[in-house]
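[1] 3D model of this:
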Amino acid sequence: MFSALYNYRSLVRQLLTREIQSRYRGSILGLLWSFVTPLLMLLIYTFVFKYVFKARWSVLGSDGETLSFAMILFLGLVIHGMLADILTRSPGLILEHVNFVKKVVFPLEILSWVVLFSALFNFCIGFILLLGIVFIELQTIPVTALLAPIILLPYFLMLLGISWILAALGVYIRDIQQITGTLATLLLFLSPVFYSIDILPENLQTLILLNPIAVIVESCRSVIIYGSLPDSLPLAIYTVVALIVAFAGHRLFQRARGGFADVV
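    As a prediction, this is how the structure comes out:
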């Protein structure tokens with residue numbers, strides 16, 4: 001699963017560079033859109049949920065209530081953004097690169113790595129903005145924020161496995177492309193992004209935790225905003241599940257790729 005990334009690291013780097021450049025080529029602001037877009041979404045969501053729906057979610061020790069809500073909301077949106085990117089792009093990954101399937105011998109499995117790194121690029125920009133908001137609001141960034149990369153690592157593995165699964169199935173079942181966009185929206189509202197999981201009944205909390213981003217969002221809030229250690233048991237279970245999904249996704253992709261040329 002990791003050998004292809006290492007063996008074709010130069011090719012992955014070239015494809016990733018082309019992916020990022022093509023996304024902003026021809027636009028006036030160029031790469032600045034990576035900063036502008038999440039900020040605009042933050043302003044819109046904060047206005048709707050803070051001032052229209054009168055949502056309340058303040059952080060202990062914080063004076064600016066609006067920024068408190070924006071800070072917590074933005075963290076969830078940044079994490080969900082990666083999942084949405086993977087869900088919407090992966091089903092058409094092979095269909096968008098038909099030439100790689102039919103005309104050349106190409107390591108198709110690295111396409112999911114490229115999509116993951118592309119989503120990670122946008123995530124890192126959003127994460128930097130998040131740390132800026134946290135510093136403005138709390139006047140400091142908790143030391144526990146250093147644990148964030150460790151918490152996020154199994155999430156990245158989960159997304160990689162999901163990408164391989166969707167890329168393989170998307171070749172044979174074209175309807176998946178129509179479903180994943182709606183699924184991304186459902187997973188956003190069925191996760192503790194706009195609300196705290198603590199306000200839900202206990203049976204619903206268990207159900208919400210099945211969402212791929214729920215445990216990660218809660219754990220990242222603990223270390224980045226509240227300055228406390230995350231709950232280790234859910235995170236350990238999530239890590240095991242993420243490894244299983246990653247290896248199963250890679251296995252499925254490798255088994256399914258033999259029929260790609262016949263189908264596309």
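[2] now the helices for the stretch 51-200 of the chain?
    65-89, 98-102, 110-138, 148-172, 176-189 (DSSP state H, counting those that start in this stretch).
[3] how about the ones you listed in a markdown table, adding distance to Asn7 and mean pLDDT?
    (Each C-beta comes from the backbone N, C-alpha and C, glycine too.) Formatted as a markdown table, these follow (distance: least, Cβ to Cβ, whole Å; pLDDT from 0 to 100):
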| stretch | distance to Asn7 | mean pLDDT |
| --- | --- | --- |
| helix 65-89 | 23 | 83 |
| helix 98-102 | 16 | 82 |
| helix 110-138 | 9 | 89 |
| helix 148-172 | 17 | 95 |
| helix 176-189 | 29 | 90 |
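[4] can I get those in CSV with mean neighbour count and distance to Ile208?
    CSV is the format used below for the helices of the stretch 51-200 of the chain (neighbours: other Cβ atoms under 10 Å; distance: least, Cβ to Cβ, whole Å):
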stretch, mean neighbour count, distance to Ile208
helix 65-89, 22, 12
helix 98-102, 13, 39
helix 110-138, 19, 22
helix 148-172, 22, 16
helix 176-189, 14, 10
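[5] closest one to Thr239 among those?
    helix 148-172 (4.2 Å; Cβ to Cβ).
[6] figure out how far the closest one is from the centre of its chain.
    Here helix 148-172 is found 9 Å from its chain centre; the criterion is Cα atoms, centre = their mean, to the nearest Å.
[7] check stretch 236-246 too.
    16 Å.
[8] list the buried residues for it?
    238-239, 241-242, 245-246 (16 or more other Cβ atoms under 10 Å).
[9] redo these as a markdown table? Include pLDDT.
    Converted to a markdown table, these look like this (pLDDT from 0 to 100):
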| residue | pLDDT |
| --- | --- |
| Tyr238 | 96 |
| Thr239 | 96 |
| Val241 | 96 |
| Ala242 | 96 |
| Val245 | 96 |
| Ala246 | 96 |
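[10] can you lay out the helices of the stretch 51-200 of the chain as JSON lines showing distance to Ser222?
    Shown next, in JSON lines, are these (distance: least, Cβ to Cβ, whole Å):
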{"stretch": "helix 65-89", "distance to Ser222": "11"}
{"stretch": "helix 98-102", "distance to Ser222": "42"}
{"stretch": "helix 110-138", "distance to Ser222": "13"}
{"stretch": "helix 148-172", "distance to Ser222": "9"}
{"stretch": "helix 176-189", "distance to Ser222": "20"}
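[11] for Phe194, state which of the buried residues of stretch 236-246 is nearest.
    Tyr238 (21.0 Å).
[12] distance of the residue lying closest to the closest one once chain neighbours are set aside from Leu204?
    The spatially closest residue to Tyr238, leaving aside those adjacent along the chain, is Val215, at 4.6 Å (Cβ to Cβ, 6 or more residues apart in numbering). Going from Val215 to Leu204 by Cβ to Cβ, to the nearest Å gives 15 Å.
[13] quick one, which of the two is more surrounded?
    Val215 (27 against 12; other Cβ atoms under 10 Å).
[14] so that one makes contact with Ala236?
    No: the criterion here is Cβ atoms under 8 Å, and Val215 misses it with Ala236 at 10.0 Å.
[15] re earlier: the helix or strand harbouring the residue nearest to Tyr238 to helix 176-189, inter-axis angle?
    Element membership of Val215 [criterion: DSSP states H and E] is helix 214-224. Helix 214-224 runs at 40 degrees relative to helix 176-189, counting by axes from the mean of the first three to the mean of the last three Cα atoms, to 10 degrees.
[16] report the mean per-residue pLDDT for helix 214-224.
    The average pLDDT for helix 214-224 rounds to 92.
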